[in-house]
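**Student:** Generate a structure from the sequence data that follows.
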Amino acid sequence: MELMSHSSTFLLPPERDTLNNNTNGTTCSSPPSLSLSYALIILNQRLPKFAPLLWDHAKVRVCADGGANRVYDEMPLLFPTQDLSFVRSRYKPDVIKGDMDSIRTEVLDFYSEMGTKIIDESHDQDTTDLHKCVTYIRDIMPNNDKSPLCILVVGALGGRFDHEIGNINVLCRFSNTRIILLSEDSVIHLLPKNHRHKIFIQSSVVGPHCGLIPIGMPSGSSTTTGLKWDLKDTEMRFGGLVSTSNIVTGDIVTVQSDSDLLWTISIKKL
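**Tutor:** Residues are numbered from 1 along each chain as shown. Predicted coordinates for the structure are as follows:
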């Protein structure tokens, strides 16, 4: 079974990432694999303080409909000493895509005049705005062994619960694509059952609280190392045991399961 590696190096400041981990701050894989490039999707929730860090190193930046309102309104708040117009011009999305039911007219007009590509998919009411954005990124960005694709999604948690579940469903629908859901407090991504997983813990920015949650079907057998309460051929299912409020104890966590699992770990106040 092939090994799949994961980390949260995208949350490290570039200089710390370079000095401490010999990485360039632009990968969401683990050391020593440095070849991952990532795309950034902004959803319609409050921007975390680390949003500019992710923005600066993304290969492409896509706002899902009302996510453009967040960039327009909230990016200047993260740079209170800088000119508002400069910040808005500096943090201009490459693409705005969705059903256009949330974006304000003045925001749409501003970015359109700045050269942002606008893709109106209001005709498609069967998929979420996140699904639409992921499909777009998969079509335009390479995904190969030398440059595996990773998509970071900001604002994926919080707000309406049905939206959160819809975002998690996107992880399952695109299980062959690395998609990482982010909020101010948490990282979530899928651990596909057809891989063994090694998770490198950047303890300066994430942890120690973590969880492993079976998704789609029960797990008949899950085994881990590196957790305070390790699983050993453990069965997990809703209505039974689910590994929440666990704690990482070292720099590496390993996971192997006979079903897909959601991995989540807390983000420290950056």
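**Student:** elements contacting the helix or strand hosting Ser245?
**Tutor:** Following DSSP states H and E, the helix or strand that holds Ser245 is strand 243-247. Packing partners of strand 243-247 (3 or more Cβ pairs under 8 Å, 6 or more residues apart in numbering; DSSP states H and E): strand 206-214. (Each C-beta comes from the backbone N, C-alpha and C, glycine too.)
**Student:** Centre-most residue in this structure?
**Tutor:** With distances taken as Cα atoms, centre = their mean, the residue of the chain nearest its centroid is Ile180 (2.6 Å).
**Student:** what's in contact with the strand holding Ser245?
**Tutor:** 207-213, 222, 227-229, 231, 234, 236 (Cβ atoms under 8 Å, 6 or more residues apart in numbering).
**Student:** go on, stretch 217-229?
**Tutor:** So stretch 217-229 is in contact with 199, 201, 210, 212, 214, 230-238, 240, 243, 246-250, 252-261, going by Cβ under 8 Å, 6+ apart.
**Student:** Same check on stretch 117-127?
**Tutor:** 94-101, 108, 111-112, 132, 135-136.
**Student:** any chance of those residues in TSV, with neighbour count and pLDDT too?
**Tutor:** Formatted as TSV, those follow (neighbours: other Cβ atoms under 10 Å; pLDDT from 0 to 100):
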residue	neighbour count	pLDDT
Asp94	17	97
Val95	21	97
Ile96	26	97
Lys97	25	95
Gly98	28	90
Asp99	18	85
Met100	17	89
Asp101	10	88
Leu108	19	96
Tyr111	23	96
Ser112	12	96
Lys132	20	93
Thr135	16	94
Tyr136	20	94
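**Student:** tell me which of those residues is nearest to Tyr38?
**Tutor:** If you rank these by distance to Tyr38 using Cβ to Cβ, Asp94 comes first, at 13.5 Å.
**Student:** phi, psi of that closest one?
**Tutor:** phi -70, psi -40 (degrees, to the nearest 10).
**Student:** what residue ranges in the stretch 1-150 of the chain score low on pLDDT?
**Tutor:** 15-36, 144-147 (pLDDT under 70).
**Student:** ugh, wrong one, I meant the stretch 151-270 of the chain
**Tutor:** 270.
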